[in-house]
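Asks: Dropping the sequence and predicted coords here.
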Number of protein chains: 2
Amino acid sequence: MNQELELVESMDKLSVLVHKFQTELLNGELKEYTLRQLYYIELIDKHEGISVSEISKTLELKKSTISIAINQLIELGIVTKIQSNTDKRFYFLKLTSKGKNIMKLHKQVHKNTIKKIINSLNPKEVESFIKIVDKIAVLDL
Amino acid sequence: MNQELELVESMDKLSVLVHKFQTELLNGELKEYTLRQLYYIELIDKHEGISVSEISKTLELKKSTISIAINQLIELGIVTKIQSNTDKRFYFLKLTSKGKNIMKLHKQVHKNTIKKIINSLNPKEVESFIKIVDKIAVLDL
DNA sequence: ATATATAGTTTTATCAAACTAACTATTATA
DNA sequence: TATAATAGTTAGTTTGATAAAACTATATAT
């Protein structure tokens, strides 16, 4: 069979898989948060000190959208902002201990899933998969 | 490095990739439709004659949700319903020529992306990727 | 000193997507 | 035949995500 067609199907299957991977988060202890919220939390975890404007540029969403979302997380005690000394217009965002705990749970859920994937593949396949994903992840689709 | 951690990153990268793959559809000629609509259209294309109830069960969404979404597609001239002769409560859903054309465009967009992916990998990697995805797609995460 | 730009907030509004509940029409069953 | 169940619709609502526009506060440049 044509590799092109097979690959289209693979992408379909991956879409389903990724969707499962993500929505798993909405079952356990994290079910009170939306995927969007968990995504913002992850972003702040990965880029501690990021600002509302930077998030806005990264995600190509309006500042107002981000501002509202982040302030909601602040009200929930998940995120704090620290005003910059050098430029008082800036606020550095970071996770509170509650936020860090959410990230911990988040990572744990994913880790459990990853284990299932690893168990279903042999080590060579895992290696190969990681390598291939690295190659296609940098593509400018 | 720990394979588990690497795989977590791979899944993150895949999430981004799949998201790009999907939202590409919202750029060109298909931009007037939502991803959800394109998804329903794809579902009806793949399962011609499917009913509202069947979609509802498959997607685990309420019948009313599906009914509204499908009727919207009918109003847009993308889908038609044909009442069953044997059980008049049933309506078989299928795409109109407009709907089929949308699917054609949809597939074309994906095909172009797939080409980029294929070009970035060697044939052995493509084969390997397809095989691995098949294995993990059937997992019950 | 004044004008301009930037960071972030607030208000108001819109939209998609989902839900519940009550409904009609049809079919199956006790 | 009367009652249950099923397919689909309709009305009304809720939630989450987004945007535009007007705003405050601060910083930069002329």
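Replies: Done, it's in.

Asks: Helices of chain A, start to end?
Replies: Ranges of helices in chain A, per DSSP state H, are A:3-23, A:35-46, A:52-59, A:63-75, A:97-120, A:123-137.

Asks: looking at those helices, which is closest to A:Phe90?
Replies: A:Phe90 lies closest, by CB to CB, to one member of the helices of chain A: helix A:52-59, at 8.3 Å. Yep, even glycine has a C-beta here, placed from its N, CA and C like the rest.

Asks: Quick check: closest non-adjacent residue to A:Lys100.
Replies: A:Asp45 (7.5 Å; CB to CB, 6 or more residues apart in numbering or on different chains).

Asks: roughly how far apart are the one you found and B:Ile82?
Replies: Distance of A:Asp45 to B:Ile82, computed by CB to CB, to the nearest Å: 52 Å.

Asks: So which of those two has more stuff around it?
Replies: Remark: of A:Asp45 and B:Ile82, A:Asp45 carries more neighbours, 18 against 11, as counted by other CB atoms under 10 Å in any protein chain shown.

Asks: And the more buried one, what's its pLDDT?
Replies: pLDDT recorded at A:Asp45 is 97.

Asks: Can you name the residues of chain A that neighbour DNA strand C?
Replies: A:51-54, A:63-64, A:67-68, A:70-71, A:81, A:87, A:89-91 (CB under 7 Å from any atom of the strand).

Asks: Which of these sits closest to B:Val18?
Replies: Among the residues of chain A next to DNA strand C, and counting by CB to CB, the member closest to B:Val18 is A:Glu54, at 24.0 Å.

Asks: The closest one - how many residues pack around it?
Replies: 15.

Asks: what does A:Leu35 give?
Replies: 12.

Asks: ok, now A:Leu5?
Replies: 12.

Asks: quick one: it and B:Gly28, what's the gap?
Replies: 21 Å.

Asks: list the contacts for A:Gln37?
Replies: A:69, A:72-73, A:78 (CB atoms under 8 Å, 6 or more residues apart in numbering or on different chains).

Asks: swap the cut-off to 10 Å and go again
Replies: A:30, A:69, A:72-73, A:76, A:78-79, A:102 (CB atoms under 10 Å, 6 or more residues apart in numbering or on different chains).

Asks: doesn't A:Leu76 make contact with A:Glu32?
Replies: Yes - contact criterion CB atoms under 10 Å: A:Glu32 and A:Leu76 qualify, at 9.3 Å.

Asks: can you put the contacts of A:Gln37 in CSV and add pLDDT and neighbour count?
Replies: Shown next, in CSV, are the contacts of A:Gln37 (pLDDT from 0 to 100; neighbours: other CB atoms under 10 Å in any protein chain shown):
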residue, pLDDT, neighbour count
A:Leu30, 94, 19
A:Ala69, 98, 20
A:Gln72, 97, 14
A:Leu73, 97, 23
A:Leu76, 96, 15
A:Ile78, 98, 23
A:Val79, 98, 22
A:Ile102, 97, 24
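
Asks: Closest to B:Gln22 out of the residues you listed?
Replies: Checking these one by one against B:Gln22 (CB to CB), the nearest turns out to be A:Ala69, at 21.3 Å.

Asks: Roughly how far does the residue minimising distance to the centre of chain A sit from chain B?
Replies: For chain A, the residue nearest the mean C-alpha position is A:Tyr39 (4.4 Å; CA atoms, centre = their mean). Applying CB to the nearest CB, to the nearest Å, the value for A:Tyr39 to chain B is 10 Å.

Asks: Same check on A:Ser84?
Replies: Using CB to the nearest CB, we find A:Ser84 at a distance of 29 Å from chain B.

Asks: Which residue is the nearest non-sequential neighbour of that residue?
Replies: Among residues not flanking A:Ser84 along the chain, A:Phe90 sits closest, at 3.8 Å (CB to CB, 6+ apart).
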